[in-house]
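Colleague: I would like the atomic coordinates for the input below:
(one chain, ligands or ions: 3)
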Amino acid sequence: MTELRHDWRLEEILDYLERPFNDLLWTAHSIHRTHFNPNAMQISSLLSIKTGGCSEDCGYCSQSGHHEASVSKEQLLPLEQVVVAARQAKAQGAGRFCMGAAWRSLNEKHLQQVIEIVQAVKAQGLETCMTLGMLTQTQAQQLKAAGLDYYNHNLDTSPEFYGQVVTTHTYQDRLDTLNHVREAGLKMCSGGILGMGESRQDRAALLQQLANLPAHPHAVPINHLVKIAGTPLQEAPPLDPLEFVRTVATARIVMPRSYVRLSAGRAQMSDELQALCFFAGANSIFYGTNLLTTPNAEQHEDQALLARLGMDSAA
Ligand code: SAM
Ligand code: DTB
Ligand code: SF4
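Modeller: Numbers count the residues shown, from 1 in each chain. Ligands and ions are numbered 1, 2, ... in the order given. Have a look, this model is predicted:
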């Protein structure tokens, strides 16, 4: 068993990212096998429960009210509509139901509504995950008491690059919410976005931040930027797909027991690239027609890919 470390130095992580590709993948895959069944894929389903009109200016996001791309602003979905979507996700094989809201932070009125949603989704026999923006300590405790299993809050990139992507909140705000989530006993889901024009050093620094948290996130979503017309990052320079795989492999090495989720961007990836990511240690995907505001990989194609790879879904 690999020991869990929380004292990674940036140079050590960069050293992994820079290794010959085969050496890096061999190391990552060997670690992956010691902790996970390499042929099992965790399947999560995603639903936007409150879309658009967000006060934040995250440069990648279609839901920011600051960008021309901004999708139309909608109210929080009614409880019944969320439950129908959860039932459908379960019928299609999802073990976890993740719900996202375009909020900077959670207000009291919404807190009561999302608590009802958590309880109703859990009653369908699904694990629950929410991503609702910043949380106070008390709110994190209230969500835990309501039965919420996971909270997703991404660090998204390095502390150094963050200010070039978002100006309406700080990296420290993100870290504070992660502390509240952990201290409340919620399972933490935190990762980032690659392909925003960040450097390899930024990718290493993101992994360093995640791995050096007091506890490794239970799940680490690695998103590939989905370029959305009208957002400041619509023209971000392309990222070498093999550099994406390297980052997945290095995430597996520095957080050996975390689920690494190949998240946004799969619709734009070839089967072969996804297969390489799975070999490198990614063992979770979002399955379903849509991500939050953009299309996900086609479900029939996902089924075909898992079958071709001899992989089974595992809740
Ligand atoms: N508003 C909450 C927040 O920012 O934490 C929750 C929703 S927000 C859309 C959740 C995550 O989606 C972001 O942290 C980011 O990692 C990811 N995301 C959003 N837009 C994306 C895009 N265009 N490409 C890739 N990932 C994206
Ligand atoms: C995460 O890391 N990725 C998901 C989920 N957590 C909430 C969101 C991806 C969003 C992709 C762009 C969109 O569909 O708007
Ligand atoms: Fe709002 Fe979250 Fe999008 Fe940022 S990423 S604009 S906080 S919905």
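Colleague: now the spatially most central residue of the chain, which residues is it bridged with?
Modeller: Geometric centre of the chain, nearest residue: Pro221, 2.9 Å, by Cα atoms, centre = their mean. With DSSP bridges as the criterion, Pro221 is bridged to Arg261.
Colleague: distance of it from Lys122?
Modeller: 21 Å (Cβ to Cβ, to the nearest Å). Where you see a C-beta, it was placed from the backbone N, CA and C, and this is true even at glycine.
Colleague: what's the answer for Glu160, then?
Modeller: Shown here: Glu160 relative to Lys122, a distance of 39 Å by Cβ to Cβ.
Colleague: More neighbours: the two, which one.
Modeller: Legend: neighbour count by other Cβ atoms under 10 Å for Glu160 and Lys122, higher for Lys122 (17 against 14).
Colleague: contacting residues around the more buried one?
Modeller: If you count contacts by Cβ atoms under 8 Å, 6 or more residues apart in numbering, Lys122 has them with 128, 147.
Colleague: i'd like the first residue to be 18 from this point on
Modeller: Okay, using 18 as the starting number, the last item reads as Lys139.
Colleague: Chain neighbours aside, what residue packs nearest to Ala45?
Modeller: Nearest residue to Ala45, sequence neighbours excluded (Cβ to Cβ, 6 or more residues apart in numbering): Ala266, at 3.6 Å.
Colleague: which ones are touching the one you found?
Modeller: By Cβ under 8 Å, 6+ apart, the contact list for Ala266 reads 33, 41-42, 44-46, 297-298.
Colleague: Name the helix or strand for it, please.
Modeller: Element membership for Ala266 (DSSP states H and E) is helix 258-271.
Colleague: Return the set of buried residues in that helix.
Modeller: Residues of helix 258-271 classed as buried by neighbour count (16 or more other Cβ atoms under 10 Å): 258, 261-271.
Colleague: Now render these as JSON lines, adding pLDDT and distance to ligand 1.
Modeller: Formatted as JSON lines, the buried residues of helix 258-271 follow (pLDDT from 0 to 100; distance: Cβ to the nearest ligand atom, whole Å):
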{"residue": "Pro258", "pLDDT": "98", "distance to ligand 1": "15"}
{"residue": "Phe261", "pLDDT": "98", "distance to ligand 1": "12"}
{"residue": "Val262", "pLDDT": "98", "distance to ligand 1": "17"}
{"residue": "Arg263", "pLDDT": "98", "distance to ligand 1": "18"}
{"residue": "Thr264", "pLDDT": "98", "distance to ligand 1": "14"}
{"residue": "Val265", "pLDDT": "98", "distance to ligand 1": "15"}
{"residue": "Ala266", "pLDDT": "98", "distance to ligand 1": "20"}
{"residue": "Thr267", "pLDDT": "98", "distance to ligand 1": "18"}
{"residue": "Ala268", "pLDDT": "98", "distance to ligand 1": "14"}
{"residue": "Arg269", "pLDDT": "98", "distance to ligand 1": "19"}
{"residue": "Ile270", "pLDDT": "98", "distance to ligand 1": "21"}
{"residue": "Val271", "pLDDT": "98", "distance to ligand 1": "19"}
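Colleague: Stretch 156-165 close to ligand 1?
Modeller: No - against ligand 1, stretch 156-165 shows no contacts by Cβ under 6 Å from any ligand atom, the least distance being 13.7 Å.
Colleague: can you check stretch 309-318 too?
Modeller: Yes - Stretch 309-318 comes into contact with ligand 1 (Cβ under 6 Å from any ligand atom), by way of Leu309.
Colleague: got the residues of the stretch 18-167 of the chain near ligand 1?
Modeller: Within the stretch 18-167 of the chain, the residues that sit near ligand 1 (Cβ under 6 Å from any ligand atom) are 77-78, 80, 117, 119-120, 148, 150.
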